[in-house]
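# build me a structure from this.
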Amino acid sequence: MRRHPGEVAVQRRLGVRQEDHGSSRTRPEIPEVAAGFLRAQRMIVAGAADDHGRLWAGVLTGAPGFADPEDDRTIVLHALPAPADPLHGLFERERDLALLAIEPHTRRRMRVNGTATRAGDALVVWTEQVYSNCPKYIQTREPTSAPGTPTGLGRGAALTERHREWIGAADTFFIATRAEGHGADVSHRGGNPGFVRVTGPRSLEWPDYEGNAMYMTLGNLELDPAAGLLFVDWERGQTLQLTGRARVEWGAGRMVRFELEEYAHLAGTVPAGWTAPGFHRFNPPV
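A predicted model of the protein is given here:
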């Protein structure tokens, strides 16, 4: 697989000299241990671009087994984005899709990037990149109930006071990005409450903490600033999806600044009620 020019540019800027370190080192096959992990999941984060090139990150849920690897290159997800989810209806034709299977209580996660199309009440995913990530910055928590029925609570172009308080108290969010010819990607971001700062009704920012130096998210943003963010209200079982544009400010402490274009607020997308978070010991102070 050819190297991702955005990742290479970011790595050179930051002094990473490892050859072939990034998405080009991933493989398309699903190892058996990864297939077992997928089958055990009840929640998977998904990211894709809509027909206008806007990125959205959303969530798919189901009983264990709803994510079913049929072979080493195919996953059948027995769930579809809810009608109020901006991802709904996008997979009537094949398009890039990114998945993040994350198990907060064990701090295990794996990413799957490829393409997908709808087949009845399921999504069929063909894998191009399959890889695991370290447990860094993941807060432990477990659901204490099942998801409800997803319903839309509104869409708009400016954050409400409720949204601003929600984001400002978040310890976790997810970010979807893409680059033409390199597919979509969705990643986890975590930190102590307050690590994401709302700077206006249409803007927010967060520090980019040190990770695995693959820079798959920043590499995509180097080529295409479109980004989709997903915030979860773990107590109420609600999600807030934001689409807009992100840019990186380089310096001693990298900051990512996001400008909102539209949001979608949904209820019933995840369980309402989770155990209290256990913060990761490597979370930097806010």
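# list the buried residues for stretch 170-184?
170-179, 182-184 (16 or more other Cβ atoms under 10 Å). From N, CA and C alone the C-beta is placed, and that goes for glycine too.
# quote the end-to-end distance of it.
With Cα to Cα, to the nearest Å applied, stretch 170-184 spans 24 Å between its terminal residues.
# so Leu218 is in which element?
helix 216-223 (DSSP states H and E).
# other SSEs contacting that helix?
helix 5-13, strand 172-179, strand 183-190, strand 238-249 (3 or more Cβ pairs under 8 Å, 6 or more residues apart in numbering; DSSP states H and E).
# okay, the buried residues of stretch 170-184 in a markdown table with distance to Met110 next?
Formatted as a markdown table, those follow (distance: Cβ to Cβ, whole Å):
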| residue | distance to Met110 |
| --- | --- |
| Ala170 | 22 |
| Asp171 | 21 |
| Thr172 | 17 |
| Phe173 | 18 |
| Phe174 | 14 |
| Ile175 | 16 |
| Ala176 | 16 |
| Thr177 | 18 |
| Arg178 | 19 |
| Ala179 | 21 |
| His182 | 19 |
| Gly183 | 16 |
| Ala184 | 16 |
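# which of those sits closest to Arg27?
For the buried residues of stretch 170-184, the minimum distance to Arg27 (Cβ to Cβ) is 14.3 Å, reached by Gly183.
# output the lowest mean pLDDT helix or strand found in the protein.
The weakest-scoring helix or strand in the chain, judged by mean pLDDT, DSSP states H and E, is helix 5-13 (a mean of 88).
# so what touches that helix?
18, 21-23, 179, 182, 213-216, 218-223, 250 (Cβ atoms under 8 Å, 6 or more residues apart in numbering).
# with that, I have no additional questions.
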